[in-house]
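**Q** Sequence plus the predicted model coming up.
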Amino acid sequence: MIFVIDDDEIMAECISRAVSPEKTRIFGNAIDAMSAIDEELPKLIFLDILLDGPDGFTFLNELASYSDTAKIPIIIVSSIDISGKDLSSYGVVKIVNKEKMTPAEIKSYVNEFTK
Amino acid sequence: MEQEVNSILLAAHELKAPLAVLRQLALSFEFEKSAENEHIRSEMISVSERAIKQVNDLTKVARLEDGLFEMEPVSVRAVCDDVTHELSYLFRYNKRDLYIKYKNKSRLVTANRELLHSVVYNFLLNAMHYSGKDTRSELIVNEKRGKVRIDIRDYGPSLPNDVWREIKRGWVEKPTSIAMRPGSSGLGLYIASKFSRYMNANVGAIRHRDGTSFFVELPISTQARLF
């Protein structure tokens, strides 16, 4: 399963549709996503940074602190410019600009990082 | 002033998210396949992308005072190529021609690439908007006395005299003050003017009887040269 964490429901649905709705679970905040991870480790996470409640960076920290969740590849999808930051130690494999990404790119990232 | 800047930033951030969603919806929407539907889809994407760009430019205007945009050697030709490539769809869609001529020797200028891109983009969009049917917009890059000058000309209505005087004085201070030619708030020129001032570039306009040219002039970089 691939997790999409975004407090903008429509944006989350767009990402889910690009991946495949059957293969994704959508979460509107980091707390719900963290609870779900306790039950099931996702193959990949699409993560927004500006979230209601704990933000994306807090979520990254939480994931990095457990041995199993630290291995989950994460794609940050955000409008804020963090493209110059190296977040690979948090499992971040890609930083995608929400304003420029396309459904085809989303699909190609899924193929690349869920092999 | 600070309050005004914060309001602009807040409004721009608020607008960004829904615009990004609109663009994404247009990209993922499955129309019944037809040339007309594909046209509508492309136009929806294009309109939302332009709006996102303008909102991003506004956030940059608000951040200019922080001095975060570094000046560096920039290839004018590469920037102009990027912009014309980006806007080529729009020119085609609106059935406008774009004439491009580089008369300089691919010199590097001292500028900020991101800001220069926005200046050229806004001038060119403005030119396309005002060029009448069966006329063309022109982008001409020249080199003179240690400076590279980018001229962008349209064959639309001539610039009103008061607006020309304001630009001649140096800068366009408010978008509303140049609600100039029909159908324009002047926002693009305001943005271009702010960015040019930040880069210490000369910016101006020339009135023609059959249109207007806007230009920006930047010093050739002494740090590095391509040729």
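**A** Thanks, I have it. Numbering: from 1, shown residues only, chains lettered A, B, ... in the order given.
**Q** List the residues that contact the residue nearest in space to the middle of chain B.
**A** In chain B, the centroid-proximal residue (CA atoms, centre = their mean) is residue B:122; its distance is 1.5 Å. Residue B:122 sits next to B:57, B:188, B:189, B:191, B:192 when contact means CB atoms under 8 Å, 6 or more residues apart in numbering or on different chains. Glycine gets a C-beta too; all of them are placed from N, C-alpha and C.
**Q** ok, now with 6 Å
**A** B:188, B:191, B:192 (CB atoms under 6 Å, 6 or more residues apart in numbering or on different chains).
**Q** do residue B:61 as well
**A** residue B:194.
**Q** same thing with residue A:47?
**A** Taking CB under 6 Å, 6+ apart as the criterion, residue A:47 is in contact with A:5, A:56, A:74, A:76.
**Q** got it, and residue B:52?
**A** Residue B:52 makes contact with A:99, B:19, according to CB under 6 Å, 6+ apart.
**Q** Check what pLDDT it gets.
**A** Listed pLDDT for residue B:52 reads 88.
**Q** Just the buried residues of the helix or strand containing it, please?
**A** Using DSSP states H and E, residue B:52 sits in helix B:35-63. The neighbour-count check on helix B:35-63 (16 or more other CB atoms under 10 Å in any protein chain shown) flags B:44-46, B:48-62 as buried.
**Q** Is the residue nearest the centre of chain A part of a helix or strand, or is it coil?
**A** Centroid-nearest residue in chain A, with CA atoms, centre = their mean: residue A:46, separated by 1.9 Å. Under DSSP: H, G, I helix; E, B strand; the rest coil, residue A:46 falls in the strand class.
**Q** Show me what it is bridged to.
**A** With DSSP bridges as the criterion, residue A:46 is bridged to residue A:4, residue A:75.
**Q** And the pLDDT at the closest residue to residue B:17 other than its chain neighbours?
**A** In this structure, residue B:17 finds its nearest non-sequential neighbour in residue A:8, 6.0 Å apart by CB to CB, 6 or more residues apart in numbering or on different chains. Residue A:8 carries a pLDDT value of 89.
**Q** go on, residue B:139?
**A** So residue B:139 comes in at 95 (pLDDT).
**Q** thinking it is in contact with residue B:152, fair?
**A** Yes: between residue B:139 and residue B:152 there is a contact under CB atoms under 6 Å: 5.4 Å.
**Q** first vs last residue of stretch A:77-88, how far apart are they?
**A** This stretch, stretch A:77-88, spans 15 Å end to end (CA to CA, to the nearest Å).
**Q** And for that stretch, what's in contact with it?
**A** Residues outside stretch A:77-88 that contact it (CB under 6 Å, 6+ apart): A:46, A:48, A:49, A:95, A:96, A:98, A:99, B:16.
**Q** what does chain A have sitting close to chain B?
**A** A:10, A:11, A:14, A:17, A:79, A:98, A:99, A:102, A:103 (CB under 6 Å from any CB of the partner chain).
**Q** For residue 98, what are phi and psi?
**A** All of this refers to chain A. The phi/psi pair for residue A:98 (degrees, to the nearest 10) reads phi -60, psi -30.
**Q** wait, chain B
**A** Dihedral pair for residue B:98: phi -130, psi 120, per degrees, to the nearest 10.
**Q** try the one 10 residues further on
**A** Taking degrees, to the nearest 10, you get phi -90, psi 140 for the backbone angles of residue B:108.
**Q** Would you pull up how far stretch B:103-117 lies from the middle of the chain?
**A** Computed by CA atoms, centre = their mean, to the nearest Å, the chain-centroid distance of stretch B:103-117 equals 14 Å.
**Q** Give me the residues contacting that stretch.
**A** With contact meaning CB under 6 Å, 6+ apart, stretch B:103-117 is reached by B:69, B:71, B:73-77, B:79, B:141-143, B:148, B:195, B:199, B:218-221, B:224, B:226-227.
**Q** Just the endpoints, please. Distance across it?
**A** For stretch B:103-117, the first-to-last residue distance is 19 Å (CA to CA).
**Q** Which of the residues in it are classified as buried?
**A** Result for stretch B:103-117 [16+ other CB under 10 Å]: buried residues B:104, B:107, B:108, B:109, B:110, B:111, B:112, B:113, B:115, B:116, B:117.
**Q** Residue A:50: neighbouring residues, count only.
**A** Residues lying near residue A:50 (other CB atoms under 10 Å in any protein chain shown) number 15.
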